[in-house]
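S.K.: missing the sequence, but the structure's below:
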């Protein structure tokens with residue numbers, strides 16, 4: 001993990017690549033700085049058996065490393081030219097807390113963060129890796145965003161990297177990685193709610209130049225597929241095609257799909273609304289959330305942004321990572337997979353000197 005703040009693109013003399021390990025897949029990408037946009041050096045993805053990870057811990061690191069090795073050998077578009085890697089860890093397994101602190105020295109801030117962790121996070125401090133970022137919210141106070149991740153989770157990811165012969169230099173939450181890329185968006189300076197749809201959950205982050213607060217709801221891509229399959233009485237493969245082709249957009253099956261997803265989407269909407277209220281009630285500048293930005297693989301579902309815009313009455317748009325990178329002579333991402341590379345691309349543009 002790392003302290004989150006605006007960062008430049010990576011330096012050519014110390015390249016790294018991003019590795020996003022999800023619920024049952026791995027995506028990697030390496031970028032190279034150019035005068036226009038970062039250019040893709042290499043990328044790829046591979047699926048693995050979800051049983052290799054339990055409650056966020058990689059319980060079969062040798063098997064996962066073997067699967068990732070197959071990705072490097074057989075499934076890359078382009079090439080990965082460095083052993084230095086920035087890796088994501090699941091925000092759904094992290095403890096997060098946002099607090100206001102008076103202006104303090106760095107030593108005093110560390111002590112205050114430790115106190116907050118001991119008082120409010122339901123885990124022993126010695127079992128956690130703890131990090132924080134600070135944002136000035138007034139002349140004499142700072143808003144501090146604390147992230148604590150169980151050591152056993154982080155250590156299992158580090159072990160996989162080392163089994164692959166890689167040098168892990170940065171660890172960051174998956175939603176934080178997406179926020180890195182979003183910070184380069186033309187509207188990245190607007191107070192926003194970022195919704196990152198993974199396979200088994202949706203991560204919700206209030207972002208105002210830095211992450212302010214994060215949460216997770218059970219509204220992942222796999223859940224959505226299974227609900228559609230059950231409602232329409234089709235198999236998972238057919239449900240995936242229906243979700244990708246029609247989603248929530250107008251079709252003969254629209255009402256059935258909306259009915260199938262009603263409970264999940266209702267929970268998602270309530271959590272977004274709660275996050276909006278949290279920010280606007282505490283915003284010293286009295287700013288309001290300007291937009292909701294959906295990203296990740298599940299955000300590729302047609303009609304999702306329109307559905308959320310209508311329900312939330314806040315502008316909602318999809319975040320496409322291909323707007324910020326170029327592929328040169330390489331084949332671009334598959335159209336249906338491009339949204340899934342947000343976290344990996346966000347990791348790949350981190351500043352290499354910021355080591356874990």
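M.R.: In hand now; what should we look at? Please read all numbers here as calculations on a predicted model, not as lab measurements.
S.K.: Tell me the pLDDT of residue 221.
M.R.: pLDDT, residue 221: 87.
S.K.: can you tell me the helix or strand for the residue nearest to residue 81 when sequence neighbours are not counted?
M.R.: Ranked by C-beta to C-beta, 6 or more residues apart in numbering and with sequence neighbours excluded, the top spatial neighbour of residue 81 is residue 41, at 6.1 Å. For glycine as for every other residue, the C-beta is placed from the backbone atoms N, C-alpha and C. In this structure, residue 41 sits in strand 39-47 according to DSSP states H and E.
S.K.: counting contacts, what elements does that strand pack onto?
M.R.: strand 25-32, helix 61-74, strand 77-78 (3 or more C-beta pairs under 8 Å, 6 or more residues apart in numbering; DSSP states H and E).
S.K.: Name the residues of that strand that are buried.
M.R.: Applying a neighbour-count criterion of 16 or more other C-beta atoms under 10 Å, the buried positions in strand 39-47 are 39-46.
S.K.: Equivalent analysis for stretch 333-340, please.
M.R.: 333, 338-340.
S.K.: Check the model's average confidence along that stretch for me.
M.R.: Mean per-residue pLDDT for stretch 333-340: 87.
S.K.: what residues does it touch?
M.R.: With C-beta atoms under 8 Å, 6 or more residues apart in numbering as the test, stretch 333-340 has contacts from 27, 43, 45, 244, 295-297, 299-300, 318-322, 332, 341.
S.K.: can we see that at 7 Å?
M.R.: 27, 244, 295-297, 299-300, 318, 320-322, 341 (C-beta atoms under 7 Å, 6 or more residues apart in numbering).
S.K.: Same question for stretch 70-86.
M.R.: Here stretch 70-86 makes contact (C-beta under 7 Å, 6+ apart) with 15-19, 26, 28, 30, 40-44, 46, 161, 165-170, 172, 330-331, 347-348, 350, 352.
S.K.: Buried members of these into ChimeraX, please.
M.R.: A single ChimeraX command selects the buried members of the contacts of stretch 70-86 (16+ other C-beta under 10 Å):
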select :15,16,17,18,19,26,28,30,40,41,42,43,44,46,161,166,168,169,170,172,347,348,350,352
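S.K.: What are the buried residues along the lengthiest helix in the chain?
M.R.: Taking DSSP state H as the criterion, the chain has its longest helix at helix 254-282. Across helix 254-282, burial judged by 16+ other C-beta under 10 Å covers 257, 260-261, 264-265, 268-269, 271-272, 275-276, 279.
S.K.: got it, and stretch 76-91?
M.R.: For stretch 76-91, the neighbour count (16+ other C-beta under 10 Å) marks 76, 78, 80, 82, 84-91 as buried.
S.K.: Nearest to residue 52 among these?
M.R.: Nearest to residue 52 among the buried residues of stretch 76-91, counting by C-beta to C-beta, is residue 90 at 13.6 Å.
S.K.: Please tell me I have it right and the closest one contacts residue 172.
M.R.: No. Shown here, residue 90 and residue 172 do not form a contact pair, counting by C-beta atoms under 7 Å, at 11.1 Å.
S.K.: Near residue 233, how many other residues are there?
M.R.: 9 (other C-beta atoms under 10 Å).
S.K.: again with residue 246
M.R.: A count of nearby residues for residue 246, using other C-beta under 10 Å, gives 18.
S.K.: any idea how far residue 216 is from it?
M.R.: The gap separating residue 246 from residue 216 is 27 Å, by C-beta to C-beta, to the nearest Å.
S.K.: Residue 190 now?
M.R.: 23 Å.
S.K.: Tell me which of the two has more neighbours.
M.R.: Just comparing residue 190 and residue 216: by other C-beta under 10 Å the higher neighbour count belongs to residue 216, 22 against 17.
S.K.: Apart from its chain neighbours, what residue comes closest to that one?
M.R.: In space, residue 216 is closest to residue 92, 4.2 Å off (C-beta to C-beta, 6+ apart).
S.K.: pretty sure the one you found is in a helix, no?
M.R.: Yes. Per DSSP: H, G, I helix; E, B strand; the rest coil, residue 92 lies within a helix segment.
S.K.: SS state for the residue of the chain positioned farthest from its centre?
M.R.: Largest separation from the mean C-alpha position in the chain: residue 252, at 33.0 Å (C-alpha atoms, centre = their mean). State at residue 252, reduced to three classes by three-state DSSP: coil.
S.K.: neighbours of residue 55, just the number please.
M.R.: Residue 55 has 11 neighbours, counted by other C-beta under 10 Å.
S.K.: And it, how far from residue 165?
M.R.: The separation that residue 55 has from residue 165, given C-beta to C-beta, amounts to 27 Å.
S.K.: And residue 241, by the same measure?
M.R.: Counting by C-beta to C-beta, the gap from residue 241 to residue 165 is 38 Å.
S.K.: And residue 264, by the same measure?
M.R.: Distance, residue 264 to residue 165, using C-beta to C-beta: 40 Å.
S.K.: Residue 223: which of the buried residues of helix 254-282 is nearest?
M.R.: Nearest to residue 223 among the buried residues of helix 254-282 is residue 264, at 6.3 Å by C-beta to C-beta.
S.K.: Show the contacting residues for the closest one.
M.R.: 219, 223-224, 227.
S.K.: How about residue 212?
M.R.: Shown in contact with residue 212 (C-beta under 7 Å, 6+ apart): 98, 145, 206, 279.
S.K.: Let me see the ranges of the helices in the stretch 51-200 of the chain.
M.R.: For the stretch 51-200 of the chain, applying DSSP state H, counting those that start in this stretch gives helices covering 61-74, 106-120, 151-163, 174-182.
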